[in-house]
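need coordinates for the below:
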Amino acid sequence: MLGLHYIDADDYWLSECCFARPIGELDFSTVNYGGPSGFCGHCHDNCIFLAEDTGDHFDTVEEKHGER
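Down below sits the predicted model:
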């Protein structure tokens, strides 16, 4: 189907150079040095990938405002 996008593990990572998705698999042996490495989907350079912000991680409004 056209326009259908399946979410997989690579959709969680963004390159630190262009904030693009990776091409191919990521090398998780470099996590201790800043994050997994791989090839940027925009500039095709080898770079480190950062975890995408998935939104508000607080459970309640009280935790968000430090009242708990």
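
what about Leu50, neighbour count?
Per other CB atoms under 10 Å, the neighbour tally for Leu50 reads 15. For the C-beta atoms, the positions are set from N, CA and C on the backbone; glycine is no exception.

by mean pLDDT, flag the weakest helix or strand of this protein.
helix 61-64 (a mean of 57; mean pLDDT, DSSP states H and E).

can you give me the strands for the chain?
For the chain, the strands defined by DSSP state E cover 13-15, 22-27, 37-40, 46-51.

so can I have TSV of those showing mean pLDDT?
TSV is the format used below for these (pLDDT from 0 to 100):
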stretch	mean pLDDT
strand 13-15	90
strand 22-27	90
strand 37-40	93
strand 46-51	92
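
just give me the neighbour total for Ala51.
10.

measure it to Leu14 for me?
8 Å (CB to CB, to the nearest Å).

not counting sequence-adjacent ones, nearest residue to Thr30?
Ser37 (4.4 Å; CB to CB, 6 or more residues apart in numbering).

my bad, Leu14
Glu52 (5.1 Å).

can you report how many residues neighbour the residue nearest to Thr30?
18.

which strand residues bridge it?
Asp27, Ile48 (DSSP bridges).

distance of it relative to Ser29?
Distance from Ser37 to Ser29, by CB to CB: 8 Å.

same thing with Leu14?
19 Å.

next: Ala20.
21 Å.

and these two? Which one has more around it.
Per other CB under 10 Å, whichever of Ala20 and Ser29 has more neighbours is Ala20, with 17 against 9.

sweet, I'm off.
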